[in-house]
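Asks: Got a predicted model here, sequence first, then my questions.
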Amino acid sequence: MRTIKTLADVRCLREAQAFSPSFQAYLEEEFDGLKEAFDFDGLDEEFALDHYGFMVVLEKGDNLRDMSAVGLRREDEGLLGSLPEFVEKVERHDESWYKVVVIYTNEYAMAFYVPLEVVAKDKEILNWLEEHVE
């Protein structure tokens with residue numbers, strides 16, 4: 001599980017080549033979109049998602065049924081027990097991933113990014129995602 005809260009996090013992932021170029025570009029677009037949505041006027045390096053809810057990229061081996069580290073408890077079935085505001089399936093350059101937005105409070109929401117390859121073998125999670133896609 002990778003978290004993105006600042007521009008430094010975005011840059012670190014790019015430099016590490018942690019994801020494919022198209023997925024990395026998408027994550028950068030998402031971060032820029034959030035910065036714009038929150039009408040941030042300061043230096044790019046000063047913008048942080050800490051107070052709004054941050055971006056979480058799920059990776060192979062992450063347990064989507066126990067995401068206590070980001071507030072989705074095992075007792076509540078983790079991501080599967082959440083009530084997402086929306087789920088979007090994104091397809092680019094022969095790759096697919098899901099964006100799942102979960103609202104925690106009126107002022108705090110988390111965006112989870114789930115590459116298809118992470119859940120392809122788990123039919124229950126894949127079905128849950130597909131059922132919630134808008």
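Replies: Nice, thanks for sending it over.
Asks: And the helices in this structure?
Replies: 7-16, 21-37, 116-119, 123-132 (DSSP state H).
Asks: Please work out which residues outside the first one touch it.
Replies: The reference is to helix 7-16. Contacting residues not belonging to helix 7-16 are listed as 2, 3, 4, 19, 24, 27, 28, 31, 44, 45, 47, 57 [CB atoms under 8 Å, 6 or more residues apart in numbering]. Where you see a C-beta, it was placed from the backbone N, CA and C, and this is true even at glycine.
Asks: Name the residues of that helix that are buried.
Replies: 7, 9, 10, 13 (16 or more other CB atoms under 10 Å).
Asks: re earlier: between the helices of the chain, which one is nearest to residue 64?
Replies: helix 123-132 (5.6 Å; CB to CB).
Asks: Correct me if wrong: residue 78 contacts residue 70.
Replies: No: in this structure residue 78 lies outside contact range of residue 70 using CB atoms under 8 Å: 9.2 Å.
Asks: Which one of those two is surrounded by more residues?
Replies: residue 78 (20 against 17; other CB atoms under 10 Å).
Asks: who are the neighbours in contact with that one?
Replies: 63, 64, 65, 66, 67, 68, 72.
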